[in-house]
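In: Sequence below, structure please.
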Amino acid sequence: MLKRTYLLLFSFSLLFLASSETLTHCEVIIAGGSTSAIAAALASANEGAITCLLEPTDWVGGQLTASAVSAVDFPWKSPSKGNQTFPISAIGRDPNNNSPNFYKILSQSVGNQGACWVSVYCFPPKLMLEKGLYPLMEPLEEAGLLHVYYNTVPKRVFKNDKGDKIVGIDAVQRTPRSTWTKCDLLADQLQDWYSEEASDRFEKTTLSFKSPSLSDPTQATWIVVEGTEWGEILALSEASYLQGLSESFDGDSSGQGGNDRCGQSIVFGLTEDYNAQPTAEPENPYPVLHPEYYSLLTYSWEQIWTYRRVIGKKYGVPQPGDLSLQNWGEGNDYPFGYPFVDRLTVKEKVQKDQWDGGVDIDVIRDAEWTAIGWHYAFKAANKTYEPYITLNKEALGTCHGLSKIPYMRETRRSIGLGGFIMKKADISGDFTVSPVASIPSDRVAIGLYNIDIHRIKSCSYPDYVNHVDDSNVLPFYIPFRALTNKDMTNLVVAGKAIAQSFLTNSATRLHPVEWNTGSAAGAAAAFMHQQMIDDTAEALGRITEIQEVTKRHSPNRWFINGSYYPSYEVA
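Out: Sure, this is the predicted structure:
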């Protein structure tokens, strides 16, 4: 770990000497920030491609780390019919049905440090970084196969003359000044992230990543992976995408919906200490916007405390020394606004070269204030514990105590080759007929979770959302087509940005599925580069070869009750 620190300090010192830098060494470039992004980077580099990861914070890992959802979500609803029940939760946790790297990290590196009850794996985010992700990254970095550009966000995308390939990406890398306290909330510094001009907080370098083929025609065009939390490469390349309930022309809506400012809520995670002695804490410095919102509902204080507790020993019982991670509906969950600006505004920002992430800063700010307000409301809700509870300002790598970035339950979503979109029908079925959903011939990953929608209070949801039935969701498959975009031929898509409907996203957004789609995307991208394939349509024609590569990183068939589905291996 010491070597890592020295390398970062050395690279930072160089950044003060220059304002721009052109880089042409990347064979696979991943715009990141999500759990799928680091999974893609590991898979790509392990396949031998020189892989560059643009990480917007100083922590890789997405919801596992920077977004502070370090309690892994596995499926829990078991469908039943007559006297038969389908064991969904056991199937989802089976090692055979998880990415080998991901399962190894969870079972051997982090475990359940918090004796929480939402998951079998709850752990401090730093533990995931230091014991889980860094040991996988370091050999690849030392071999020159993985290059991580921390504190780096995409600023603009360059396309070829035909407009169907990404040939360049400008990104802004920031280096914190020693005089900056680093205590600004995200909303107060986010626009500074995207500005190319130095500020009181940051020195800046514009990194211009170029496809190797531009400088050397004998080189293959690079492959770009969309792994951002905000679907930024889709937006910047002006590729076709869906946002929120904007799928009235396709998807599950059957002509309903069409609102691109309504979707799922976001949440800023926070952690709280249970101190051994009464500990004074300053009053809340921020406005409390929705004091009537905070509620324990039918749950006890102790249940909420131990729900996502990441350090703790006794199940269901708060004890001194505990560290509780808060991610609670009617608490720090933020249902009062949608985080993305509308698609017309996005287009204007891109065309005017004014890209700033395409998010609503007011929503980000209000969500942060709401999260901090929940801390004070929650501790005050139980006078026995109140004197001992304080906001932890170190565990999440920020001095204000909130996660570095919010947990995004959705993002901008690709529209795949031929207009392909994964729909609810693709993840559903009758378990008494088959234990799995329909099996696509181009499957490259698997997934399983219930349809789980966190609503925004101001939104009016269409009938297909209001009356959704998820009792028939079965173990499903992610087809390669879901990892494509119909407009950008050398773009592979991962995580929440895959080609899927609003409803399907609510079942694929969880940690294991994100990791699986990221692993498949990274492995497929490496294969495409190495085989000189710069068109996902051509890659689809070689799907059997891609499946052989991707299955090393992400399972593409289910193991249920002693049998594989499908029963045959990839040829």
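
In: and residue 310, what does it touch?
Out: 70-71, 113-114, 116, 122-125, 271, 323-325, 395 (CB atoms under 8 Å, 6 or more residues apart in numbering). Just so you know, the C-beta spots here come from the backbone N, C-alpha and C atoms, and that holds for glycine as well.

In: cool, residue 453 as well?
Out: Contact analysis of residue 453 by CB under 8 Å, 6+ apart lists 264, 465, 468, 503, 506.

In: Using JSON lines, please lay out those together with pLDDT, distance to residue 431 and secondary structure.
Out: Converted to JSON lines, the contacts of residue 453 look like this (pLDDT from 0 to 100; distance: CB to CB, whole Å; DSSP: H, G, I helix; E, B strand; the rest coil):
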{"residue": "264", "pLDDT": "97", "distance to residue 431": "27", "secondary structure": "coil"}
{"residue": "465", "pLDDT": "92", "distance to residue 431": "24", "secondary structure": "helix"}
{"residue": "468", "pLDDT": "92", "distance to residue 431": "18", "secondary structure": "coil"}
{"residue": "503", "pLDDT": "95", "distance to residue 431": "19", "secondary structure": "helix"}
{"residue": "506", "pLDDT": "97", "distance to residue 431": "20", "secondary structure": "helix"}
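
In: Sketch out the low-pLDDT regions of this structure for me.
Out: Filtered on pLDDT under 70, the chain yields the residue ranges 1-18, 248-257, 571.

In: in the stretch 301-450 of the chain, which spans are strands?
Out: Under the criterion DSSP state E, counting those that start in this stretch, the stretch 301-450 of the chain contains strands at 309-311, 323-326, 333-334, 389-391, 407-408, 413-414, 443-447.

In: picking up where we left off before, any chance of the contacts of residue 453 in TSV, plus neighbour count and distance to residue 135?
Out: Converted to TSV, the contacts of residue 453 look like this (neighbours: other CB atoms under 10 Å; distance: CB to CB, whole Å):
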residue	neighbour count	distance to residue 135
264	24	33
465	22	41
468	16	41
503	23	37
506	25	32
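
In: Determine which two of those are furthest apart.
Out: Checked with CB to CB, those reach their widest spread between 264 and 468, with 13.3 Å between them.

In: So which of the contacts of residue 310 wins on neighbours?
Out: Ranked by the number of neighbours (other CB atoms under 10 Å), these place residue 70 first, at 33 neighbours.

In: hang on, the earlier thing: now, of the strands of the stretch 301-450 of the chain, which is deepest in the fold?
Out: Of all the strands of the stretch 301-450 of the chain, strand 413-414 has the most neighbours on average by mean count of other CB atoms under 10 Å, namely a mean of 30.

In: Show me what it is packed up against.
Out: Packing partners of strand 413-414 (3 or more CB pairs under 8 Å, 6 or more residues apart in numbering; DSSP states H and E): strand 241-242.

In: Show me what the strand it packs on is in contact with.
Out: Looking at strand 241-242 with CB under 8 Å, 6+ apart, the contacting residues turn out to be 231, 234-235, 251, 412-415, 421, 485, 497, 501-502.

In: who wins for most neighbours among these?
Out: The residue in these with the most neighbours, by other CB under 10 Å, is residue 497 (33 neighbours).

In: returning to that earlier point: got the strands of the stretch 301-450 of the chain as JSON lines, with distance to residue 342 columns?
Out: As requested, the strands of the stretch 301-450 of the chain are exported to JSON lines (distance: least, CB to CB, whole Å):
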{"stretch": "strand 309-311", "distance to residue 342": "37"}
{"stretch": "strand 323-326", "distance to residue 342": "31"}
{"stretch": "strand 333-334", "distance to residue 342": "19"}
{"stretch": "strand 389-391", "distance to residue 342": "34"}
{"stretch": "strand 407-408", "distance to residue 342": "17"}
{"stretch": "strand 413-414", "distance to residue 342": "15"}
{"stretch": "strand 443-447", "distance to residue 342": "29"}
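
In: Any idea which of those gets closest to residue 364?
Out: strand 333-334 (9.2 Å).

In: Contacts for that closest one, please.
Out: Here strand 333-334 makes contact (CB under 8 Å, 6+ apart) with 265, 266, 267, 268, 327, 363, 366, 367, 370, 371, 406, 454.
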